[in-house]
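Novice: coordinates only, sequence not included:
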Ligand code: KIV
């Protein structure tokens, strides 16, 4: 099983880290049988599993339920739990209670979005024994202030600001950070500078690792497909065909018996 120190070792040795999101028991069982390094129980569960229009609708209770199911299915994987919208922007005691619940439900680390206003919490978590992954670039929880899922980096000072954010996360003690939709060369520069594992999504090939949303890579989420996503399997179509075949057999009075 990948351990926290492996993130640093792999980054140092330039060995790529593979991550996927996961929200439920049966998918976790499948991932458990692969060599994927780590799982993110992401707040994208609000969209993919619950049909909400953004991750703003994720709650600690929702994430906790998904985390427990994933833990039961993939006990052999390093599991990172996403802290949902606003759940880590309250008083320290409430923030810590949520993290305690997540860690005791089997997370090995937590992830949170953004830098400004989070540094004190990150330091406190790390000092308390909780590994923290940062997340900069596109931050879907801020859709209502950002207005889109695009990163507007049009000049040097915006690039420098992102670099400084990345450095702040590393200095606060994060063991890694997600770079979402960061221009590839900037992601490369950040990766070479920060000294901790960068996990890219739509940020080009130069990060220390990559993460994709499981349902995007398996072609299972049909509401929206980010332009950068490589689809490895046309899951929705295959499932639809299987269901259609089952339906036809039943309607044609063919008993669904196994052949083996
Ligand atoms: O919640 C999530 O799925 C994420 C990934 C997109 C990195 O944060």
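Specialist: All right, it came through fine. All of these numbers come straight from a predicted model, not from anything done at the bench.
Novice: ok, and the closest non-adjacent residue to the closest residue to the ligand within the chain?
Specialist: Nearest to the ligand in the chain, going by C-beta to the nearest ligand atom, is residue 42, at a distance of 2.4 Å. Using the backbone N, CA and C atoms, a C-beta is placed for each residue, glycine as well. Distances taken as C-beta to C-beta, 6 or more residues apart in numbering place residue 21 nearest to residue 42, at 4.2 Å, with adjacent residues excluded.
Novice: my read is that residue 236 contacts residue 219, right?
Specialist: Yes. Residue 236 is within contact range of residue 219, at 5.7 Å (criterion: C-beta atoms under 8 Å).
Novice: out of those two, which sits in the busier spot?
Specialist: The neighbour comparison of residue 236 against residue 219 (other C-beta atoms under 10 Å) goes to residue 219, with 18 against 15.
Novice: ok so that one is a strand residue?
Specialist: No. Using DSSP: H, G, I helix; E, B strand; the rest coil, the secondary structure at residue 219 is coil, not a strand.
Novice: surely it is in contact with residue 230?
Specialist: No. At 10.2 Å, residue 219 does not count as touching residue 230 under the criterion of C-beta under 8 Å.
Novice: which residues of this protein lie near the ligand?
Specialist: Proximity of the chain to the ligand (C-beta under 6 Å from any ligand atom) is limited to residues 21, 40, 42-44, 82, 178, 201, 211, 213.
Novice: in JSON lines, list these along with secondary structure and neighbour count.
Specialist: Formatted as JSON lines, the residues of the chain next to the ligand follow (DSSP: H, G, I helix; E, B strand; the rest coil; neighbours: other C-beta atoms under 10 Å):
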{"residue": "21", "secondary structure": "strand", "neighbour count": "26"}
{"residue": "40", "secondary structure": "strand", "neighbour count": "27"}
{"residue": "42", "secondary structure": "coil", "neighbour count": "29"}
{"residue": "43", "secondary structure": "coil", "neighbour count": "29"}
{"residue": "44", "secondary structure": "coil", "neighbour count": "22"}
{"residue": "82", "secondary structure": "strand", "neighbour count": "29"}
{"residue": "178", "secondary structure": "strand", "neighbour count": "28"}
{"residue": "201", "secondary structure": "strand", "neighbour count": "24"}
{"residue": "211", "secondary structure": "strand", "neighbour count": "26"}
{"residue": "213", "secondary structure": "coil", "neighbour count": "22"}
